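>>> Build the 3D model from these lines:
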Amino acid sequence: LFELVNYYKNWYALTDNAIVETLCKSIKQMRLNKNISQEELSEKSGVNRITISRMETGKAINLMTLIQLLRALEKLELLNYLNEEPEISPMMVMEAQKKLRKKASPTTRNSDPNEYKL
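Residues are numbered from 1 along each chain as shown. You can find the predicted model right below:
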């Protein structure tokens, strides 16, 4: 039976170890959904098969390994959720708009009047 009810987890209610275990299970499920063996994922990602096996049992992996696995599983778009852009307040937008140029400045001519004569 699928855990559809638990699809959106309360991450704050989980311990750090439970979060690691949940993420590891998710990566394993991504692999299974693509019908890829651990050995095939190892070859595609460059990550040792034993590391993949240990990760799938809930052992923590480093960030580089996670990226390699997500790339091999064609799931790098999941990182978009971690890419937070700075927030700009409305006051900062107004200040920036005040500083924008409203019109072009006149060009100044060179002081040598003979420069453009033929």
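
>>> residue closest to the middle of this structure?
residue 79 (2.9 Å; C-alpha atoms, centre = their mean).

>>> how much space between that one and residue 95?
32 Å (C-beta to C-beta, to the nearest Å). Where C-beta positions appear, they are placed from N, C-alpha and C, glycine not excepted.

>>> Check the chain for its longest helix and report it.
The longest helix of the chain (DSSP state H) is helix 16-33.

>>> For that helix, give me every contacting residue.
If you take C-beta atoms under 8 Å, 6 or more residues apart in numbering as the criterion, helix 16-33 is touched by 9, 11, 14, 38, 41, 55-61, 66, 69-70, 73, 75.

>>> Give the buried residues for the helix or strand that residue 67 is a member of.
In this structure, residue 67 sits in helix 63-72 according to DSSP states H and E. Burial within helix 63-72, assessed by neighbour count using 16 or more other C-beta atoms under 10 Å, is assigned to 65, 66, 68, 69, 70, 72.

>>> now do stretch 72-84
72, 73.

>>> So what's the gap between it and the chain middle?
5 Å (C-alpha atoms, centre = their mean, to the nearest Å).

>>> likewise stretch 54-66?
With C-alpha atoms, centre = their mean, you get 18 Å for stretch 54-66.

>>> in this structure, which spans are helices?
Under DSSP H, the chain gives helices at 16-33, 38-45, 49-56, 63-72, 90-99.

>>> Next, the angle from the longest one to helix 38-45.
Translated: helix 16-33. 90 degrees (axes from the mean of the first three to the mean of the last three C-alpha atoms, to 10 degrees).

>>> Over to the fourth one?
Orientation of helix 63-72 against helix 38-45 (the same axes, to 10 degrees) gives an angle of 100 degrees.

>>> can you pull the pLDDT of the closest residue to the residue nearest to the centre of the chain other than its chain neighbours?
Excluding its sequence neighbours, the residue lying closest to residue 79 (C-beta to C-beta, 6 or more residues apart in numbering) is residue 70, at 7.0 Å. Note on residue 70: pLDDT of 97.

>>> Residue 70 contacts residue 76, correct?
Yes. Using C-beta atoms under 8 Å, residue 70 makes contact with residue 76 at a distance of 5.2 Å.
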